[in-house]
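>>> Provided below for reference: sequence and predicted model.
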Amino acid sequence: MATAEPTTRIEMFPRRDGVLHCEELPVSELVARWGTPLYVYSKNGIRDRYRELAEALAPVPHLIAYSVKANGNLGVLRTLAELGAGADVVSGGELHRARLAGIPGERIVYSGVGKTVNELAAALDAGIYAFNVESEGELCALSDLACTMGTRAPIALRVNPDVETPTPHAYTRTGHAATKFGIAYERARDLYSIAAKMKGITVRGVDVHIGSQIMEVGPFERALARVLDLVHALKQDDIPLEFLDLGGGLGIAYQGEERITGASFASTLLPEILETGLKLVVEPGRFIVGEAGVLLTRVIYVKEGGGKRFVITDAGMNDLLRPSHYSGWHAVEPAVAQGRSMARVDVVGPICETGDFLALDRDMELPKPGELLAIHTVGAYGFSMSSQYNQRPRPAEVLVDGAEATLVRRRENYEEMVAAEML
Ligand SMILES: *Cc1c(COP(=O)(O)O)cnc(C)c1O
């Protein structure tokens, strides 16, 4: 599926004779094998997005540290590991997954404001590339631990550049001063001097992450300018650096809007990075997998009330949290077009919460009970944010490569949902 233009979701999920496909396979066949709700990912879509970025960044030494929290399925991680990707992890659990999928320690960076001693120790054991340190307390804990373990911890300080970032939801903005993330910009230079003298610490880089679903290069440019000022100050302080980490946050097309391409990101930012001679680390999550996933769900009932028409599906907010948590908008369409007239509907789940919806006030072909709907652009922060709320087993996940489909996570069952509990 290598095309000159960046791959779109329409190419990953084409419609043939009215039937939605993932690459070569009709989604109805996947559902016949594995049931609903079902997450389906396009393996070539994931590969294409990774390659788009890798080719754009080729002029500089770089590491694409895929953000595991976007979608940590082992099949997805293995796909990226095979392409040479690294990982950005935010917990011991994600570190475990990344290693299990074959991502070597030297391609892993570890972010997060609340790393515990056990998690730090596991990451030191794994020989990761860098800890993105988010506080002075963490820096001290890490140095003490590394000394005890007879080693040194490679670090970057995650600096809060205090730039305003226009993202669709306040919960996904992390680059202004008043968030819990990172180290205050004014404090960073001093803390680097302290870090450089610590016995258990090797200063290796500088890190920022300003938010998620960013649709323009401008905010990255502003963050880079702040980071470059710091890089120059550290040079004066004789603190050598090896890398510069610009974080993740590249946005995707939920509604067919224009997104940042690898090429536009690179053409704006690379010239200045090249001048520093530093290695570039990026931590994209959504950009790599977001458009490459659909959630297939079956309509259970259609009902009317209070002047509204509700399509009730077997997928709910426990399977896909984005609509209720972030007001996330996802295209919804029948998996098999019926040619019926359009109607305005709310697509809602079976969960006992008013906030349990997948889409509100949508005009779509009115489906009948038993028919399939596809919820688009759910490859990132879909399954990874799912829960068992209302004691619902989490969905199965399938990875499609051309005409071949692989079950990469089977559906959960009731026994395992109570397995950790004691009577
Ligand atoms: C969530 C996160 C990312 C990935 O964000 P995307 O918007 O999915 O690219 C990268 N780095 C850090 C530190 C994060 O918290």
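Everything's here; your move. Numbering: from 1, shown residues only.
>>> Quick check: pLDDT value at the closest residue to the ligand within the stretch 101-250 of the chain.
Closest to the ligand within the stretch 101-250 of the chain is Gly248: 2.8 Å, counting by C-beta to the nearest ligand atom. Any C-beta I mention is one placed from the backbone N, CA and C, and that applies to glycine too. pLDDT for Gly248: 97.
>>> Now do it: how many residues are near it, please.
Gly248: 25 surrounding residues under other C-beta atoms under 10 Å.
>>> May I have the phi/psi pair for it?
Note on Gly248: its backbone torsions stand at phi -110, psi -150 [degrees, to the nearest 10].
>>> For the residue nearest to it when sequence neighbours are not counted, which residues are in contact?
With C-beta to C-beta, 6 or more residues apart in numbering as the criterion, Gly248 has its nearest non-adjacent residue at 4.0 Å, and that residue is Glu283. If a contact means C-beta atoms under 8 Å, 6 or more residues apart in numbering, then Glu283 has Ala65, Tyr66, Ser67, Asp88, Val109, Ser111, His209, Asp245, Leu246, Gly247, Gly248 as its contacts.
>>> how near is Glu283 to the ligand?
Going from Glu283 to the ligand by C-beta to the nearest ligand atom, to the nearest Å gives 4 Å.
>>> Then Leu25?
Per C-beta to the nearest ligand atom, Leu25 is found 27 Å from the ligand.
>>> Wait, that residue touches Val400, no?
Yes - the pair formed by Leu25 and Val400 meets the contact definition of C-beta atoms under 8 Å, at 5.7 Å.
>>> Backbone torsions only: list them for the closest residue to Ala403 other than its chain neighbours.
Of all residues not flanking Ala403 in the chain, Glu24 sits nearest, at 3.9 Å (C-beta to C-beta, 6+ apart). Note on Glu24: backbone dihedrals following degrees, to the nearest 10 are phi -90, psi -10.
>>> residues touching Glu24, list them.
Val400, Gly402, Ala403.
>>> can you pick the most crowded of those residues?
Taking other C-beta under 10 Å as the neighbour criterion, Val400 ranks highest of the contacts of Glu24 with 24 neighbours.
>>> if I've got this straight, that one is in a strand?
Yes - remark: Val400 belongs to a strand, assigned using DSSP: H, G, I helix; E, B strand; the rest coil.
>>> from memory it sits against Cys22, does it?
Yes - assessed by C-beta under 8 Å, Val400 is found in contact with Cys22 at 4.4 Å.
>>> which neighbours do the two share?
With C-beta under 8 Å, 6+ apart, Val400 and Cys22 have common neighbours Leu30, Val40, Tyr41, Ser42.
>>> part of a strand, is the third one?
Yes - with three-state DSSP as the criterion, Tyr41 is part of a strand.
>>> Count residues in the vicinity of it, would you?
Tyr41: 28 neighbours (other C-beta under 10 Å).
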